[in-house]
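A.B. asks: everything below, folded, please.
(chains A and B)
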Amino acid sequence: AQSVSQHNHHVILSEAASLELGCNYSYGGTVNLFWYVQYPGQHLQLLLKYFSGDPLVKGIKGFEAEFIKSKFSFNLRKPSVQWSDTAEYFCAVGAEKRKLIFGQGTELSVKP
Amino acid sequence: DGGITQSPKYLFRKEGQNVTLSCEQNLNHDAMYWYRQDPGQGLRLIYYSQIVNDFQKGDIAEGYSVSREKKESFPLTVTSAQKNPTAFYLCASSIMQGASNSPLHFGNGTRLTVT
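C.D. replies: Presented below is the predicted three-dimensional model:
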């Protein structure tokens, strides 16, 4: 069965620090990959997505993610975080049965 | 503005009562979904509907029921059979009939507390 794992439950960074949030999935076939973000008090929204092509995808607000097929990973990165990046981040994988499976979420706190 | 409206934002019920959560979208999306969000568990799929008058069970459908009589509406009923109903419920929609390859648009959620 499909599963998605986000290893970091809560990450605390200072402003300007670099960010990398891990996401690993288990599925041997073709996958579509997503990162969603939930800012405090706001609805979940799409940050970026990968369907095919260049494995390095860029999203909104300076975020990017790299799909490494051999590692079944789709880690989210940002070179320099801001206080406004404080949010909960969800990795999601779409494959069989046209369903989307979400990871457990990573709460990011950025200290000003 | 197009979007998904969930109401109410907060809902309180006594144990043993059924309760219905509303979800309306004006995005003209075919597919709609209900997720449950619990701390440390991410989002888990309860039910989804890819077209009017059709819906499928997700991973945790027990104790829930849905209907899809209109394209715009996908209400979720939390029945008394749901053993742990207190949670944050999210409704979503997608333009295509398949969440695996179509980004989801989410509502603001309903926080249900059952005592």
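
A.B. asks: can we go C-alpha only for contacts and neighbour counts from here?
C.D. replies: OK.

A.B. asks: mind pulling up the pLDDT for residue A:95?
C.D. replies: Note on residue A:95: pLDDT of 76.

A.B. asks: OK, contacts around it?
C.D. replies: Residue A:95 makes contact with A:2, A:27, A:29-32, B:100, according to Cα atoms under 8 Å, 6 or more residues apart in numbering or on different chains.

A.B. asks: what about stretch A:100-110 and chain B, touching?
C.D. replies: Yes. Applying Cα under 8 Å from any Cα of the partner chain, one finds stretch A:100-110 touching chain B at A:100-105.

A.B. asks: between these, which has the most around it?
C.D. replies: For the residues of stretch A:100-110 next to chain B, the largest number of neighbours (other Cα atoms under 10 Å in any protein chain shown) sits with residue A:105, at 30 neighbours.

A.B. asks: hey, what's the nearest residue to that one once chain neighbours are set aside bridged with?
C.D. replies: Counting by Cα to Cα, 6 or more residues apart in numbering or on different chains, residue A:90 is the residue found nearest to residue A:105 once chain neighbours are left out, at 4.5 Å. On the basis of DSSP bridges, residue A:90 is bridged to residue A:36.

A.B. asks: ok, how many other residues are close to residue A:90?
C.D. replies: By other Cα under 10 Å, neighbour count at residue A:90 equals 28.

A.B. asks: report pLDDT for it.
C.D. replies: The model's pLDDT for residue A:90 equals 96.

A.B. asks: thought residue B:10 was touching residue B:114?
C.D. replies: No. Applying Cα atoms under 8 Å as the test, residue B:10 and residue B:114 come out as separate, 11.1 Å apart.

A.B. asks: those two: which is more packed in?
C.D. replies: residue B:114 (15 against 11).

A.B. asks: can you tell me the closest non-neighbouring residue to the more buried one?
C.D. replies: Residue B:114 sits nearest to residue B:13 (Cα to Cα, 6+ apart), 4.8 Å away.

A.B. asks: for residue A:60, phi and psi?
C.D. replies: Per-residue torsions, residue A:60: phi -80, psi 160 (degrees, to the nearest 10).

A.B. asks: give me the low-pLDDT residue ranges for the chain?
C.D. replies: Chain wasn't specified; assuming chain A. For chain A, applying pLDDT under 70 flags the ranges A:96-98.

A.B. asks: not quite, I wanted chain B
C.D. replies: B:1-2, B:97-100.

A.B. asks: tell me which helix or strand the residue most central in space within it sits in.
C.D. replies: Chain B has residue B:34 as the residue nearest its centroid, 2.7 Å off, counting by Cα atoms, centre = their mean. Residue B:34 belongs to strand B:31-38 when elements are defined using DSSP states H and E.

A.B. asks: so what touches that strand?
C.D. replies: B:43-51, B:74, B:76, B:87-99.

A.B. asks: from the residues you listed, list the buried ones, please.
C.D. replies: Neighbour counting by 16 or more other Cα atoms under 10 Å in any protein chain shown classes B:43-51, B:74, B:76, B:88-99 among the contacts of strand B:31-38 as buried.

A.B. asks: buried residues, stretch B:6-22. List them.
C.D. replies: For stretch B:6-22, by 16+ other Cα under 10 Å, it's B:6-7, B:15, B:19-22.
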